[in-house]
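A.B. asks: quick one: sequence plus predicted model below, questions after.
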Amino acid sequence: MKRSNRWMQPRNARLALLPAALLLALSATAQEAPKTCPTAADPDAPCPAPPATADTSAGQADATDLDRVQVRGVRASMMGALELKQGSMQIVDAIVAEDIGKFPDNNLVEALQRVTGVQTTNRGSGEVAAVSIRGLNDITTTINGRNIFTASGRSVALQDIPASLLSSVEVYKTRAAEHIETGIAGQIDIHTHRPFDFDGSKVVVAARSIYQEQAGKVDPNISALFSNTWNVGGGKFGALANVSYAETNYRDQSVTAGAMVPFFTDEPPAGFVPYQRIGTIIDGQEVWQPGLVSGLPFTPGSTLPVRGEQYEYLLSRDAIFASDFTGKRERPAANVSLQWAPNNDSEYTFEAFYNGYRNESFNSLLFSFVDWWGALGDDPSQNIELIPGTNIMKSRVVGLPYNFTSGDLTTGKTDSYLYAFGGSWDVGDRLKLKSEVTYQDSEFKSDFFAMRADRVAHEVWVDFNSGGGKPAFGFNDNPATPDIDESNAADPNQWALAQLYDNANYSKGDAGTFTFDGDFAAGWGALSRISFGVRYDDRSASEGQRTGPDNGCDRALPDCSLTANPGLISINSGFFDGRSDVPGSWVVPDGHYIRNNADFYRELYGRPTSAQLVLAENFNVDEATTAVYLQGDFATELGGHVFDGQLGVRYVNVETDMVFGEGSASASASKALPSLTLRYGFTDDLMLRFAYGQTLRRPNFNQLNPNIIYVPDVTNIGYGTASGGNPDLAPTESKNYDLSLEWYFAPGSAVYGTLFRREIEGMVSDFRRRVTYQGYDYILTQPDNASDGTLEGLELGVVYFPENLPGLLDGFGVQASYTALDSSQEIPVTNSAGDVVGSQETPMFGISDSSYSVVLAYERSAFGARLSYVWRDDFLHHYEAALFANPLGVYNSAESSLDLQLSYDPAENWTITFDATNLTNELYQSYYQYRDTHNFGTALYSRTFALGFRYRF
C-alpha cells in the first residue's frame, strides 16, 4: 500500500521534514539533524525530502528541527507554526521566531497569550507572569526536550527565559508515552539555537530600548549570537554562544477596598453601639462563620443571632488601601552549544544554559482602617449610603481611623544552570539510539525589609465603589486643629515610626537526569515503528527562612520620630493618574535607606544584627523518579485514505523522602499511563485526530511540609491565620480526551477546531479549622486530595493569508483563535472546627469561560506589521483568607490587551523595529464573586513603547 496524502506527503521539502521535527521536539533528549537541510542563514538551500507513505512510521521521516527551516518575517513565522501543527502526531500549537534573535513579543509569556487555548494572567511588575493551557496552570516545561525548573518549584518561571534566545516554542496539548508524564494542562517545549542550525558562520546582534510609561524610564534589552561550523577530518564541529541582558523599571498602582465584615445597624443589642463591628463569637456563642464560599447573605434585612435573638446587620469593608509599587528587574542569560558529528552515523552535543533574575522592588503603601465605631465623627450617622437592594455599605465616613503607611523593600535573586551532554547513533539502517545526561541547579534568595509609620486621623471618607468598580477615599481635616492639614498624607510631621519587619527566604533545587531512547523502523505490516526508552531523575528541593518579631519602635526614643530621620522619608507623587479620587501622594519610611542602615534600625528595635541572623531550613525533599515507556506507530488504509496512529504506555515510579525540621516522612507512588492517538485523512487537506492519555500532577514540594506557620492578626479581625502542608498528598490524576478537525485549505492557511475533556481526580483542596496556639486563635489551612473536577471545552482557530490581493492589499493576513471552557469541581465545606458538613460545586481556578485573540498581519517587501488583540473573560483567581464575611473566591474581571509591532529592513542585513504594548491603557480589576456589589481591587499597569534594531551577518 503506497497511497499518499498531503498531510503525510507534504507540499514541499520543508513540510516533509516536519513530522520528524515533532519526534525530536517531543523527546526527552536532544537529537541533531542531518547536515544538508536549509537553515535560517540560507532558507532557500535544497533539502531533499524522503518519500512519506503509509509504511513510514505514520508519516515521520528522518528529520530536522523546525527552527532549521525558518524563514524571516511575520507571515513565515505564522506559516512555520502552522506547518508544525499539521505535521505532528499530537495536537500541538507553536510560535516560531520571525528571525534569529527576534521572538514576536517582549517576553515568552506575552507571546504565548496568542496561542490557541493559552491564557495568561498575574500581570504586574512590567510583565505578564503566569501561563495556563485551557485554563489549567499545571504545565510541564522543557528546554530542548529537557525538564527544567526554578529553585524548589516543579516548573520554570517562563518569564525568566529571554525571548531573544529562542528559536521556537511548542505547546503540546496531548502527549505520547515517550513524553514526561507530568503536566495535566500540557507541555511547553522551548527550543534554543544550535550551531548546526546554520551553514557556516553566523553573527546576530540586537538591541531595543523600551520606554515604561508609568515608571518614566527607558530600559535596555540587548542580545548577541555567535555561531560557526568547521569541517574536522571526515566530520563536522560547531560552536554557538548566545547571550542576553534585559532590564525593566516598572511601576504598578492599585487601590483596593478591603475585606467585608458585618456591622450592627443603628439599632444594636444592649451593650453595643451603632455600627459596631460584629465579632464571630459573642458571649461564648458563634454568631457567624468566616470564610464561607458564598459569604454572608447581603439581601436587605439579613440577620445574625445574638443572645438568642435575630439582629439585622450591614456589610462593609474593614479597610481601604493604596499601593504604589516600583522596582527594577534585571535578567541576564546565556546559552552555549557545541556539536560534533564525527561521521554520518553519530552526533554528540554539549549544551549549557544559564538564566538569572535580579529584582529590587519598593512598595509604598497607604492603609486606613474603616471599621472603627468608637468615634462616630462629626455626623453620628457616618453618612452611610447602601448599594440599592442590598445591605452593603457603598460609602461612609469613619471618625478617628487608625492609618499606617509602610515602605516595603524586597530583593530577589535567582541563578539557574543546566548542563547536558548526549549523543545519537544510527545502528544499521533501522535502529536509532540516543542518550543524554543532564544536571541542573537553581537557587532563589529573597529578603524583605519594611517599616511602618502610623497616625490616628480625624476622619476618613470612603466610597467603596465610586463607579466602574473603582474605590475612592480621602481624609478630612479636624476643625479644632486648623493648622494641621490631615488631608495631606505626605506631611511627615503627622506620622511616627511603628513596626519593623525583617525577613528572608531561600529555595533551591537540583536534579541529575539520565535518559536512553530508541526507535526501531519495524516495517512489520501496519506496524511501522517501535519506540522505547527509560528516564531516571534524581531531584532534591529545600526551602528555609528567617522571620523577626514585628514589634514597634519605643516612642520614648528620639530616633523613633519620622522627622528625626530625614533620610528615612520617602514621598511618592502622581499616584493613579487621576483615574479615581484618591490621595496622590503620601509619606512612607524609605526601605532603601532602612536596608542601607539595617543594623542601626535592628538595634533601635531590639533585634538581632547581621552577624546573628540565621536562616532555618523548613524542609528538604529527595525524589527519585524512574520511568520506562513502549510505544508503536502504525499506518494503514481505511476507505481509500490513510489511517495512522500511535499506541503506547508509560510506567512511572516515584520514591520521595522528606525531612521537615526534626520530623521526616516517606512516600511511594507508581502508575501505568496509557496513551492513544489516531489520525484519519478524509481528503488531502482535511484531517481528523483523536487522542486519549493519562497524566499526573505531583504536589508541590512545599505542599508536603507539615510544619505550621502562624501569622498574627493584622486587620483586627480577632484571630490570625496559619498554614501548613500535608506529607500524605498523592498525585492528582487526569484522563484526557481530545478530538480535532483540521482543514489546510491553502498553503500557509488553515481552519481547525478541537473538542476536549479532562476528568481530574484527587485535586488538592484546602481544609480550614480554628485552632488555638499560644493562647491565641488562628484559622489553620492545610491541603488534602479532597476534590474531583471536570474541564471541557472547544478551541477554534484560523490562519489565512489570501493570495493575489490587489495592489497594496497584497500581504494582508489574519490569525485568530477562540476558546470556550466549562469547569467544575466539588470542594468540601467545613465548619469552624474543621468538620466536613457538605460539599459545594465551584469553578476551577484560572478558568475563563471565553477567550480569544485576533492578529492582523501585513508583510510587503521590506515592511512588516502586526496588530494583535487578546481578551479573556472573568475567572476565579484565588481564595481569600478564610477570615471574613465576603465570598471566599476572588475573581479577576475580563482582561484585554492591544499590542502593535512594526519592522522595516532598510538593507538586507538590517532590521529596525517598533513595538507597543497595552495601547488602550487598561485598568485591571478584581471582585468577590459578585461583580456589581463586591468589587475588590483596581490596578493600573504601564504601557510600553520600544524601538530596536537587529544586524546579522
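C.D. replies: That came through, no problem.

A.B. asks: below-threshold pLDDT in the stretch 601-750 of the chain: ranges please.
C.D. replies: Applying pLDDT under 70 to the stretch 601-750 of the chain flags residues 714-717.

A.B. asks: make it 90
C.D. replies: Within the stretch 601-750 of the chain, the stretches with pLDDT under 90 are 603-608, 610-614, 618, 639, 660-665, 684, 700, 702-729, 747-748.

A.B. asks: so how far is G838 from the nearest residue to T609 once chain neighbours are set aside?
C.D. replies: Distance criterion Cβ to Cβ, 6 or more residues apart in numbering; nearest residue to T609, sequence neighbours excluded, is D599 at 4.5 Å. From N, CA and C alone the C-beta is placed, and that goes for glycine too. Distance, D599 to G838, by Cβ to Cβ, to the nearest Å: 54 Å.

A.B. asks: the two: who's more crowded?
C.D. replies: Higher neighbour count among D599 and G838: D599, with 13 against 8, using other Cβ atoms under 10 Å.

A.B. asks: the host helix or strand of P674: how far from the chain's middle?
C.D. replies: Per DSSP states H and E, P674 falls inside strand 663-681. The chain centroid and the centroid of strand 663-681 are separated by 24 Å under Cα atoms, centre = their mean, to the nearest Å.

A.B. asks: can you pull out the helices in the stretch 251-400 of the chain?
C.D. replies: For the stretch 251-400 of the chain, no helices turn up when DSSP state H, counting those that start in this stretch is the criterion.

A.B. asks: ok, back up a step: so the residue nearest to T609, which of the three states?
C.D. replies: Recorded secondary structure, D599: helix (DSSP: H, G, I helix; E, B strand; the rest coil).

A.B. asks: looking at the protein, which helix or strand is least sure?
C.D. replies: Ranked by mean pLDDT, DSSP states H and E, the weakest helix or strand in the chain is helix 13-26, scoring a mean of 30.

A.B. asks: can you give me the angle the next helix or strand after the strand holding P674 makes with strand 663-681?
C.D. replies: Moving toward the C-terminus from strand 663-681, the next helix or strand (DSSP H and E) is strand 686-697. Strand 686-697 runs at 170 degrees relative to strand 663-681, counting by axes from the mean of the first three to the mean of the last three Cα atoms, to 10 degrees.

A.B. asks: what packs against the helix or strand just after strand 686-697?
C.D. replies: Moving toward the C-terminus from strand 686-697, the next helix or strand (DSSP H and E) is strand 709-711. Judged by 3 or more Cβ pairs under 8 Å, 6 or more residues apart in numbering; DSSP states H and E, the packing partners of strand 709-711 are strand 720-723.

A.B. asks: quick one: distance of the strand it packs on to the chain centre.
C.D. replies: Offset of strand 720-723 from its chain centre (Cα atoms, centre = their mean): 25 Å.

A.B. asks: and for stretch 234-244?
C.D. replies: The answer for stretch 234-244 is 32 Å, by Cα atoms, centre = their mean.

A.B. asks: likewise for stretch 614-621?
C.D. replies: Mean-position distance between stretch 614-621 and its chain equals 26 Å (Cα atoms, centre = their mean).

A.B. asks: buried stuff in it?
C.D. replies: Buried residues in stretch 614-621, counted by 16 or more other Cβ atoms under 10 Å: 618-621.

A.B. asks: now intersect these with the strands, please.
C.D. replies: Using DSSP state E, the subset of the buried residues of stretch 614-621 located in strands is 618-621.

A.B. asks: in a markdown table, list these along with distance to V460.
C.D. replies: As requested, those are exported to a markdown table (distance: Cβ to Cβ, whole Å):
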| residue | distance to V460 |
| --- | --- |
| N618 | 39 |
| F619 | 43 |
| N620 | 47 |
| V621 | 47 |
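
A.B. asks: ok so, going back, so the residue nearest to T609 touches Q612, yeah?
C.D. replies: No - between D599 and Q612 no contact is recorded; they are 9.9 Å apart, counting by Cβ atoms under 8 Å.

A.B. asks: ok, back up a step: what's the closest of the buried residues of stretch 614-621 to L418?
C.D. replies: Nearest to L418 among the buried residues of stretch 614-621 is V621, at 20.0 Å by Cβ to Cβ.

A.B. asks: done for today, thanks.
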